[in-house]
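# Any chance you can model this:
(2 chains)
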There are 2 protein chains.
Amino acid sequence: MKAKNITPHVRLILWTLLFLNIVQTPLTATAQDAKPRLQSREWYDGVKSPEISANGDVTFRLFAPQAKEVKLSGQFGPTVPMAWDDEEQAWKVTVHPAVADIYPYNFIVDGQPVNDPANKDLFPNELFKGSLLLMPNPKMLYTERDIPHGKVHYCSYHSTVLGEQRTMLVYTPAEYDDNIQQRYPVLYLVSGTTDTEETWYKAGRANFILDNLIHEGKATPMIVVMPYGNMNTGNPRPSSDAATRCYEIFSQEMQQCVMPYVERHYRTLADREHRAIAGFSRGGGEALFTAFKLADDFASVCAYAAYLTDKVYEQHFPRLIDDPATTNSRYRLIWFGVGADDFLHDPVKHNQELFSRKGIRYEHFDTTGGHTWMNARLYLGLTLPKLFR
Amino acid sequence: MKAKNITPHVRLILWTLLFLNIVQTPLTATAQDAKPRLQSREWYDGVKSPEISANGDVTFRLFAPQAKEVKLSGQFGPTVPMAWDDEEQAWKVTVHPAVADIYPYNFIVDGQPVNDPANKDLFPNELFKGSLLLMPNPKMLYTERDIPHGKVHYCSYHSTVLGEQRTMLVYTPAEYDDNIQQRYPVLYLVSGTTDTEETWYKAGRANFILDNLIHEGKATPMIVVMPYGNMNTGNPRPSSDAATRCYEIFSQEMQQCVMPYVERHYRTLADREHRAIAGFSRGGGEALFTAFKLADDFASVCAYAAYLTDKVYEQHFPRLIDDPATTNSRYRLIWFGVGADDFLHDPVKHNQELFSRKGIRYEHFDTTGGHTWMNARLYLGLTLPKLFR
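Purely as a prediction, here's the structure:
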């Protein structure tokens, strides 16, 4: 749009139009929709959402004057309808999550999923473009405190395995920049199906969980690497051969690209005793497969709501399950965590039963809840104190 | 949902339901919507969008079977309608941007803005939750190449000025980790109104622009700091007193929090000759105000589609404009860039005219186009070679 030789008043309108040009839809809506309630809100006068009260009530608001029906869909409870509030000029609903936590959510506007325009915290995912409700909770390890913080590095590298540029995230502890002679153990932390390399950071808050546990002396200062678990194999079910193929490619990506990059660019303790790998969902399958495939590289593995099938163990790791004495002497930690309502609960338990039957030493922690990031964060906080001690 | 004692077939359904639990809406839609076309697509069988052809055509697709009307709104052209394609089971449209660039876009589903569920690249913004079309273009500096890459660090710090935890992004050049004795100049790079601290990275691709220019020897290896420009003052118009107040708080945040953090945590050349500040839109106003307010800290400033009013110069920087000899001897670079169609074109030119009239030396570059990130990236690429030489 041109903006020359204009009065200040027109300039204000154009200033508004600029952002309508960025936020194209309101412009369209303005042109199409003559409802007075649409005119009553300036583009920059955004609604407040989510609004968290001291008593734990959370109020969500959405300015969608053209909508016929708006609902709130969040992992803190069932989907609930929202009502248009003429005074606030927004669709509105107040809920009270039983536990103050971090929850993915979105609005459903006339059947269409929409994230919260007023919330800058997004859930990083290939399919689900939702928002994140971050509830303050001093008891929760994800809470950002005024203590020394580590950094999260976004690293761009060329994957010779996949033939493309990729990004991995690397957490370095607060002390890393000062102790320039010090080398650190490394945890590789992999997110799940449809997640991205950002999900353990933005939704998992792995950096704050590490900051807090290290500050309390409960975790060893360590480097945490968050690679992208998508091997361009689609989203196979964990029990399928396609999933095993995905895990196999991931172990190659780790050995040929990710680990060499990390060990070249960071001050790592580059031996198996100081390397661990953990993952949630598909990332847990990739973690188990990689730890057993690259037995000379990893001494510890944590599976968060994840497992491998008997078939995978028989075909790929026969000695692991048939020579428990060697396995038990080689692995410092094999850990499983799963929720009672997790749809993967039974196969995870089946993997544990196989190990028990074969005499393979492992630890496990059973929680309530389902296949959620609330549980993934919990499992990370439970396992970090066990690593590199 | 429980998933115990079930057949493999039910397990597949539950596996599907898991992601519907994450992507809550399709579950709701499934329950409400009996249209066969909805059944014909598995949750994980996502449509491909955007799909970029070798000839520069870009096809967008959206699976929204319940929608009555879907449009594509992108900064590459006018808003266009999309049509439901029964074969592809998706709303679809193909466009051909005149220039291969990076463009924010979103869908409009029955009047509601929606980002692209199939696209993992999001536009970081407080209000606009759009997606990014990243078109490969070897001529463009934003293109990620297989060369040594710098890193982008997400740094969490406590703002004593604003009384809250904040995040800033810091780019270090590829050579930074190897030359551990070397110190580097610092560019502070601020994004605009409604942008976040991530926008110069995710939409501006500042890291790749730096990587490429440094690799070609056209820019001095430097540290680039990307703070959050929102000072919790709302979104005032740039000519208002409220905007000036915002700029003032920003200069305090810079002096008391951002700069001390950067100089404590990074190997910087901590003198004004080796410090520059640049910004787009509001960030440009913050950059100009900060460079002139903290005259002992900055020797160079670049305003991308930004300006200060005569009133601000008269009230806050009388000596700057009334003693051009001193100003010209102190500042190595004062740079303005603006597009012919930018709604801020006239006030930016007015600021330049004031400087010309007063005899203050500055450089400027006039482009086509509007108040867009396409231009912001261009201005960054034009100014980086001028810094610290």
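# so how far is chain B from A:Leu210?
For A:Leu210, the distance to chain B (Cβ to the nearest Cβ, to the nearest Å) stands at 12 Å. In short, each C-beta sits where N, CA and C put it, glycine included.
# Make sure I have this right: that residue is in a helix.
Yes - assessed by DSSP: H, G, I helix; E, B strand; the rest coil, A:Leu210 belongs to a helix.
# Assess the claim that it and A:Ala174 are in contact.
No - judged on Cβ atoms under 8 Å, A:Leu210 makes no contact with A:Ala174 at a distance of 9.3 Å.
# Give me the common contacts of the two.
A:Gly150 (Cβ atoms under 8 Å, 6 or more residues apart in numbering or on different chains).
# neighbour count winner among the two?
Using other Cβ atoms under 10 Å in any protein chain shown, the more surrounded residue of A:Leu210 and A:Ala174 is A:Leu210, with 28 against 18.
# if I pick the more buried one, what's in contact with it?
A:Gly150, A:Tyr171, A:Pro173, A:Ala219, A:Met222, A:Val224, A:Leu384.
# of all these, which comes closest to chain B?
A:Gly150 (8.3 Å; Cβ to the nearest Cβ).
# can you count the residues close to the closest one?
Around A:Gly150 there are 26 residues (other Cβ under 10 Å).
# got the phi/psi numbers for the nearest residue to it once chain neighbours are set aside?
Using Cβ to Cβ, 6 or more residues apart in numbering or on different chains and skipping residues adjacent in sequence, the residue nearest A:Gly150 is A:Pro173, 4.5 Å away. Dihedral pair for A:Pro173: phi -70, psi 160, per degrees, to the nearest 10.
# Let me see the ranges of the helices in chain A.
Using DSSP state H, the helices found in chain A span residues A:8-22, A:24-32, A:36-39, A:199-202, A:206-215, A:241-253, A:259-265, A:282-293, A:310-316, A:318-322, A:324-330, A:345-358, A:373-383.
# At the geometric centre of chain A, which residue sits there?
What sits nearest the mean C-alpha location of chain A, by Cα atoms, centre = their mean, is A:Thr199, with 2.7 Å.
# residues in contact with that one?
Going by Cβ under 8 Å, 6+ apart, the list of residues near A:Thr199 reads A:Phe123, A:Pro124, A:Asn125, A:Ser191, A:Gly192, A:Trp373.
# doesn't A:Tyr228 make contact with the fifth one?
No - contact status for A:Gly192 versus A:Tyr228: not in contact, 11.5 Å apart, counting by Cβ under 8 Å.
# Between the two, point out the one with more neighbours.
Set A:Gly192 next to A:Tyr228 and count neighbours by other Cβ under 10 Å: A:Gly192 wins out with 29 against 23.
# contacting residues around the more buried one?
With Cβ under 8 Å, 6+ apart, A:Gly192 has these contacts: A:Thr199, A:Gly229, A:Gly279, A:Phe280, A:Ser281, A:Arg282, A:Gly283, A:Gly284, A:Ala376.
# Tell me the one of those residues nearest chain B?
For the contacts of A:Gly192, the nearest to chain B is A:Ser281 (8.7 Å; Cβ to the nearest Cβ).
# how close does the closest residue to that closest one other than its chain neighbours get to A:Leu344?
Of all residues not flanking A:Ser281 in the chain, A:Gly192 sits nearest, at 3.0 Å (Cβ to Cβ, 6+ apart). From A:Gly192 over to A:Leu344 the distance is 11 Å, taken as Cβ to Cβ, to the nearest Å.
# Overlap in contacts, those two.
Joint contacts of A:Gly192 and A:Leu344 (Cβ under 8 Å, 6+ apart) are A:Ser281.
# number of nearby residues for the nearest residue to A:Gln256 once chain neighbours are set aside?
Once flanking residues are discounted, A:Gln256 sits nearest to A:Val161: 5.5 Å by Cβ to Cβ, 6+ apart. Neighbour count for A:Val161, taken as other Cβ under 10 Å: 17.
# residues touching A:Val161, list them.
Contacts of A:Val161 (Cβ under 8 Å, 6+ apart): A:Ile249, A:Gln252, A:Glu253, A:Gln256, A:Cys257.
# who touches the nearest residue to A:Lys218 once chain neighbours are set aside in this structure?
Nearest residue to A:Lys218, sequence neighbours excluded (Cβ to Cβ, 6+ apart): A:Pro385, at 4.9 Å. A:Pro385 makes contact with A:Leu213, A:Lys218, A:Ala219, according to Cβ under 8 Å, 6+ apart.
# sorry, back to before: could you report the pLDDT at the residue nearest to A:Ser281?
Note for A:Gly192: predicted pLDDT of 96.
# Same question for A:Asn125.
Reported pLDDT for A:Asn125: 92.
# how many neighbours does the residue nearest to it when sequence neighbours are not counted have?
Leaving out its chain neighbours, the residue that sits closest to A:Asn125 by Cβ to Cβ, 6+ apart is A:Thr194, at 5.3 Å. Using other Cβ under 10 Å, A:Thr194 is surrounded by 23 other residues.
# Would you agree A:Thr194 is in contact with A:Lys129?
No - A:Thr194 is not in contact with A:Lys129 according to Cβ under 8 Å; the separation is 11.0 Å.
# Can you report phi and psi for the closest residue to chain B within the stretch 251-389 of chain A?
The minimum distance from the stretch 251-389 of chain A to chain B, using Cβ to the nearest Cβ, falls at A:Phe343 (3.7 Å). Main-chain dihedrals, A:Phe343, degrees, to the nearest 10: phi -70, psi -10.
# And the pLDDT for it?
At A:Phe343, pLDDT is 96.
# was I right about it contacting A:Ala305?
No - if you go by Cβ under 8 Å, A:Phe343 and A:Ala305 don't touch, sitting 9.2 Å apart.
# Those two - which one has more neighbours?
Taking neighbours as other Cβ under 10 Å, A:Phe343 and A:Ala305 compare with A:Ala305 leading, 31 against 24.
# what's near enough to touch the more buried one?
Contacts of A:Ala305 (Cβ under 8 Å, 6+ apart): A:280-281, A:284, A:337-339, A:342, A:344, A:348, A:371, A:375-376, A:379.
# any idea which of these is closest to B:Leu354?
A:Ala376 (56.0 Å; Cβ to Cβ).
# Find me the pLDDT at the closest residue to that closest one other than its chain neighbours, would you?
Leaving aside its sequence neighbours, A:Ala376 sits nearest to A:Phe280 (Cβ to Cβ, 6+ apart; 4.2 Å). Predicted confidence (pLDDT) for A:Phe280: 98.
# cool, and the one 4 residues further on?
Model confidence at A:Gly284, expressed as pLDDT, equals 98.
# State the distance from it to A:Thr326.
23 Å.
# what do you get for A:Phe123?
Taking Cβ to Cβ, one finds A:Phe123 at 42 Å from A:Thr326.
# so where is chain A shaky, pLDDT-wise?
Counting by pLDDT under 70, the low-confidence segments of chain A come to A:1-45.
# the domain parsing of it - what is it?
Domains of chain A are assigned by automatic domain parsing as A:41-134, A:151-386.
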